[in-house]
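Asks: Compute the structure for the input listed below.
(one chain, ligands or ions: 1)
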Amino acid sequence: MWLTINDKQIEANEGMSILNAALGAGIYIPHLCGHPDLEAVGGCRLCSVEIDGMEEAVPSCMIKVQEGMKVTVHGPKAERTRKTAMELILATHPADCTGCPKYGKCELQSMYQYLGVGPERWKKKSRTVPTDDSNPLIRHLFTRCVRCGRCVRACRELRGVKVLDFQRTQEGVRIGTGGNISLKEAGCKFCGACIEVCPTGSIMDALGQINEEASYGERVVPCKAACPAHTDIPRYLRYIKEGEYEKATAVIREKLPFPEALGCICNHVCETACKRNELGEPLSICKLKRAAASVHSDDWKKNRKIADSTGKKVAVIGAGPAGLTAAYYLAKKGHEVTVFEINEKAGGQCRYGIPSYRLPDEVMDREIDDILEVGVQLKVNTTAEAPEVLLKQGYDTVLIATGTHKGTLLPLEGNKLSGVILNTDFLKNARRNQIRNLGKKVMVLGGGNVAYDCARTALRLGAEEVHIACLESRDKMTAAAEEIQEGCDEGVILHSGHSFLRITGDTKVQGVELQKVEKFYFDENRKAVIELVEGSREIIPVDHVIFAVGQAPDETEKLGVELNHGFYVKVNSSFATNLPGVYGAGDVVTGTRSVIEAIAAGRQSAVEMDRYLGGDGDISEELLEKETADPFLGRTKDFGNLERLSPPLLDPQERKNSFDAVEQTFTCEEAKCEARRCLQCDLRLNVTNPKLWNEY
Ligand code: FES
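Replies: Sure, this is the predicted structure:
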């Protein structure tokens, strides 16, 4: 239908309000209580207009369009109503906007500037309602509230959570919970819709506004931002909540080719960033990923795209997570990719550095098969030529992704005795079933996850007494808390806060002398300072000592590229080495980091290498059509206190006698339950942002 607004003919759909019809046609009408995603209530009167045939100005958000209607936005009656309404709002609003974080983005500020109205005509009544900082995640600054009710309607209508309402208090009407109980007690889901629709800076994030460099989306959805591969965590958790594992897997696979492996061993920095930490414990994101991936659905392959051959050849040296990830994305871009692997199987540290009770072989096999399926050629038991030679042999570009496979031996008395083993050799040989005659008593030196991998592997290989000694106190150890606990449950004896003085024995290890640490810290030059407790020396009798104090790249000097700190491949911000066409990624560049960081580096290096080969560097993919998430959340009993679920573990006595997976996978019901705890922080990004007048 057609109507006229300000003498301009516009077309509108039946049932539309005049306000929405005007805004849709690019004609600005001020509006404050009205919001595109909420039902109109006609409260603020700022949207007043005059309509031919009507005596008084009326709120345009409440009147539906009619054929032939003639509307005037700036008639004298409408202007008078609007200005009075604005003056009344400003009379109780803080006069100085400059300290408000919403400055420049505030709808109220934009509107009074448009109207040229100030608070002068009305006596200013300063409101003294104190700011409510008592709730996690959400901060309420009542002095800035204009009582438009958008937050109340968003909570009721949009989300169906029904926590916020107008409350009558001694200081006047304010927004809050009934009975003035906390948001958590009232059943708030902390979705942030109230923050999103607030036209002023009255309801704000209590967290997430700190990192000014991060984009708004990154601040609002910190788990996704924290994941080095930026997997869309809230999106796949929503599918898990609905039991749609296939769709969840497709979402994860849009960013990485190892969903199940990561579900087993990821260091899950996303969980540290999860906003639910503020309410108690974070979502069990890592284990939910494993649950989704464990159905082994191939549905995601339907939308997988493999470009036509480009005729370009790529060599990847090293079939670890970084090399395989880069190979996968480069092959999908149509390049002919060959991966050279020195060992008999692909997987790198995931295969040879992580014990199978944490990451079973079959998981790696399955996910590597999917990588080979897109055309990646894998040459195992093969030492690659130096990159320069590979280039001469016809490869157009080379990626060095050889990882860190050489354990570090500390300069300790007795370190050459028979019975001393390096972490990397020990774990690799254990994977290959090549460890015979491990002594009854083993000491592992080091306090990280690898030390626990060694200690728990030693137990499984028949050692009767396994010790770990490290300089750090237990709470400062770099090993994950669950690793320490699981090791302890299996009987690993921990000597945290101990320095190792020497390994005793003539030709063969007989013991390790330890001394208690009084203080351990790094000085301003990053030099370790260790103060020991007098008279606390003791010798622990052992047959084997395993060094688990770090690892470095092996034989990188043979690669013919510039190195950093003697071992590490030096690259620029585009992953390029000093040799044209030769790139580096993963631990061989950065030193030992997490698997997900290696995967992220594999992705980024693939982007750069594709560009080098003349491609557009676009490796993004949509394996699942984007669906608009249902904005309605509804109420959930005691939502704020729902406890984190963890998958069950095998009994310690049972598990320490085998390499069977220690941690079980969530059942479908458990996974659904755990995923229901998600705050769905990303939903608020779907809330429409009303345009300010200067954007029309
Ligand atoms: Fe129409 Fe407030 S927007 S009355």
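Asks: Which positions in this protein make contact with the ligand?
Replies: The chain comes close to the ligand at residues 31-34, 40, 42-47, 59, 61, as judged by CB under 6 Å from any ligand atom. C-beta: built from backbone N, CA, C; applies to glycine.
Asks: most neighbours, which of the residues you listed?
Replies: Highest neighbour count within the residues of the chain next to the ligand, by other CB atoms under 10 Å: Cys47, with 30 neighbours.
Asks: Pretty sure that one sits against Gly34.
Replies: Yes: Cys47 is within contact range of Gly34, at 6.0 Å (criterion: CB atoms under 8 Å).
Asks: list residues touching both of those two?
Replies: Each of Leu19, Cys61 lies in contact with both Cys47 and Gly34 under the rule CB atoms under 8 Å, 6 or more residues apart in numbering.
Asks: before we move on, the earlier item: take the residues of the chain next to the ligand and lay them out in JSON lines including pLDDT.
Replies: What follows is these, written out as JSON lines (pLDDT from 0 to 100):
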{"residue": "His31", "pLDDT": "96"}
{"residue": "Leu32", "pLDDT": "96"}
{"residue": "Cys33", "pLDDT": "97"}
{"residue": "Gly34", "pLDDT": "95"}
{"residue": "Ala40", "pLDDT": "96"}
{"residue": "Gly42", "pLDDT": "94"}
{"residue": "Gly43", "pLDDT": "94"}
{"residue": "Cys44", "pLDDT": "95"}
{"residue": "Arg45", "pLDDT": "96"}
{"residue": "Leu46", "pLDDT": "96"}
{"residue": "Cys47", "pLDDT": "97"}
{"residue": "Pro59", "pLDDT": "97"}
{"residue": "Cys61", "pLDDT": "97"}
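Asks: Name the nearest of the residues you listed relative to Asp630.
Replies: Ala40 (22.4 Å; CB to CB).
Asks: Against Pro234, how distant is that closest one?
Replies: Using CB to CB, to the nearest Å, one gets 30 Å for the distance from Ala40 to Pro234.
Asks: Would you mind listing the buried residues in the lowest-mean-pLDDT helix or strand in the chain?
Replies: Confidence across the helices and strands of the chain bottoms out at strand 172-176, with a mean of 86, counting by mean pLDDT, DSSP states H and E. Across strand 172-176, burial judged by 16 or more other CB atoms under 10 Å covers Arg174, Ile175, Gly176.
Asks: by contact count, what packs against that strand?
Replies: The helices and strands touching strand 172-176, judged by 3 or more CB pairs under 8 Å, 6 or more residues apart in numbering; DSSP states H and E, are strand 165-169.
Asks: So what are the sheet partners of the strand it packs on and their directions?
Replies: strand 172-176 (antiparallel) (DSSP bridges).
Asks: Tell me the helix or strand right after the strand it pairs with.
Replies: Toward the C-terminus, strand 172-176 is succeeded by helix 183-186 as the next helix or strand (DSSP states H and E).
Asks: Show me what counts as buried in that following helix.
Replies: Across helix 183-186, burial judged by 16+ other CB under 10 Å covers Leu183, Lys184, Ala186.
Asks: can those go into CSV with extra columns for pLDDT?
Replies: CSV is the format used below for the buried residues of helix 183-186 (pLDDT from 0 to 100):
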residue, pLDDT
Leu183, 97
Lys184, 97
Ala186, 97
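Asks: okay, those in a markdown table with distance to Gly446 next?
Replies: Below are the buried residues of helix 183-186 laid out as a markdown table (distance: CB to CB, whole Å):
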| residue | distance to Gly446 |
| --- | --- |
| Leu183 | 44 |
| Lys184 | 41 |
| Ala186 | 48 |
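Asks: Tell me the one of the buried residues of strand 172-176 nearest the ligand?
Replies: Ile175 (16.3 Å; CB to the nearest ligand atom).
Asks: Now for the closest residue to Ile18 other than its chain neighbours: which residues touch it?
Replies: In this structure, Ile18 finds its nearest non-sequential neighbour in Ser60, 4.0 Å apart by CB to CB, 6 or more residues apart in numbering. Going by CB under 8 Å, 6+ apart, Ser60 touches Ser17, Ile18, Leu19, Ala22, Ile29, His31, Cys47, Ser48, Val49, Val71, Val73.
Asks: Helices of the stretch 101-250 of the chain, start to end?
Replies: 107-115, 150-153, 183-186, 193-197, 216-220, 222-226, 233-241, 245-253 (DSSP state H, counting those that start in this stretch).
Asks: In this structure Tyr352 contacts Lys428, no?
Replies: Yes: using CB under 8 Å, Tyr352 is in contact with Lys428, at 4.3 Å.
Asks: Compare the two (neighbour count), which wins?
Replies: Remark: of Tyr352 and Lys428, Tyr352 carries more neighbours, 22 against 19, as counted by other CB under 10 Å.
Asks: Would you mind measuring from that one to Glu341?
Replies: Distance of Tyr352 to Glu341, given as CB to CB: 11 Å.
Asks: Quick one: list the elements packing against the lengthiest strand in the chain.
Replies: Secondary structure of the chain per DSSP state E: the longest strand is strand 511-522. Other helices and strands packing on strand 511-522, by 3+ CB pairs under 8 Å, 6+ apart, are strand 465-469, strand 498-504, strand 528-532, strand 538-541.
Asks: for it, which positions count as buried?
Replies: Gly511, Val512, Glu513, Leu514, Gln515, Val517, Phe520.
Asks: so where's this structure uncertain?
Replies: Where the chain drops to pLDDT under 70, the residues are 119-127, 208-212.
Asks: from the middle of its chain, how far away would stretch 43-62 be?
Replies: Its chain's C-alpha centre and that of stretch 43-62 lie 47 Å apart, by CA atoms, centre = their mean, to the nearest Å.
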